[in-house]
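J.: Dropping the sequence and predicted coords here.
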Amino acid sequence: MMTNDQDPLNLDAQLCFALYGASLAMTKLYRPALDRLGLTYPQYLVMLVLWESDDVTVGELGRRLGLDSGTLTPLLKRMEAAGLVSRRRDRDDERQVRVVLTDVGHGLKNRARHIPEQMFCAMGMSPVELAQLRARLKTLQARLAEAAAGAGDGAAD
C-alpha cells in the first residue's frame, strides 16, 4: 500500500502546486506596497521593464514578461488611463505600438525604490540564497518552456 508521500498524485508532492502557492504568496506580499503606488502586480512588472528601458514595443514587453498581446493590451490601456504610460504607433513601422513612460510613470520609480529591499527582508533569506533560488528558477523556467515547445510539435502523439 502506498503512503501519501509515495503517491505521485498527492497534492503536496506536486512541484507545480508548490510553485503556484509560492507565486500566490509572493503576489500577496507585494500587494500592500503596490497598493500605495496604485499598481497591480502585473502593472508593476510592466513598470520594471519600462524603468529599465523606456520606449519599447508592445511585442518586446510581451516577450520580456511572457504575456501575449491579448493580456497585455488591456493592461496597458488601464495604465494609460491612469496616466502612467502612453502608447503610440512606431513612426517607421505603423504595425508596431510603442509604450513610453509619462512624467508620472517616471516619477513613480523613486517611490518604488524601497520595494525590492522590503520584499527581500520579508523573505528571510540571505542575498546569496535568493540569487541561487532565482538562478535555479530561471533554469527551471527555460527547461519548462523548452519542454512545452516540444510538446506542441506532436512528438508525444
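T.: Yep, that arrived.
J.: going forward, measure contacts between C-alpha atoms and count neighbours the same way
T.: Will do.
J.: longest helix in this protein, by residue count?
T.: helix 127-151 (DSSP state H).
J.: mind checking how far that one is from the chain centre?
T.: Relative to its chain's centre, helix 127-151 lies at 14 Å (CA atoms, centre = their mean, to the nearest Å).
J.: ditto for stretch 47-58
T.: 13 Å.
J.: cool, and stretch 11-31?
T.: The answer for stretch 11-31 is 14 Å, by CA atoms, centre = their mean.
J.: Show me the domain layout of the protein.
T.: What automatic domain parsing lists as the domains of the chain is 12-113, 114-152.
J.: Averaged pLDDT, the shortest one. What do you get?
T.: Averaged across domain 114-152, pLDDT comes to 93.
J.: Check the offset of that domain from the chain's centre.
T.: Worked out by CA atoms, centre = their mean, domain 114-152 lies 11 Å from the chain centre.
J.: And the first one, by the same measure?
T.: From the chain centre to the centre of domain 12-113 is a distance of 8 Å (CA atoms, centre = their mean).
J.: Can you give me the pLDDT of E60?
T.: The model's pLDDT for E60 equals 94.
J.: what number of residues lie near it?
T.: The burial count assigned to E60 is 14, neighbours taken as other CA atoms under 10 Å.
J.: now for the strand or helix carrying it, which elements pack on it?
T.: Using DSSP states H and E, the element containing E60 is helix 58-65. If contacts are counted by 3 or more CA pairs under 8 Å, 6 or more residues apart in numbering; DSSP states H and E, helix 58-65 sits against helix 41-52, helix 69-81, strand 97-101.
J.: how about the domains of the chain in CSV, adding distance to Q6?
T.: CSV is the format used below for those (distance: least, CA to CA, whole Å):
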stretch, distance to Q6
domain 12-113, 8
domain 114-152, 23
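J.: Please work out which of those is packed deepest.
T.: domain 12-113 (a mean of 15; mean count of other CA atoms under 10 Å).
J.: how long is that one end to end?
T.: 36 Å (CA to CA, to the nearest Å).
J.: out of the helices and strands packed on helix 58-65, which comes closest to D90?
T.: strand 97-101 (5.7 Å; CA to CA).
J.: Neighbouring strands - and their directions - for the closest one?
T.: strand 56-57 (antiparallel), strand 85-89 (antiparallel) (DSSP bridges).
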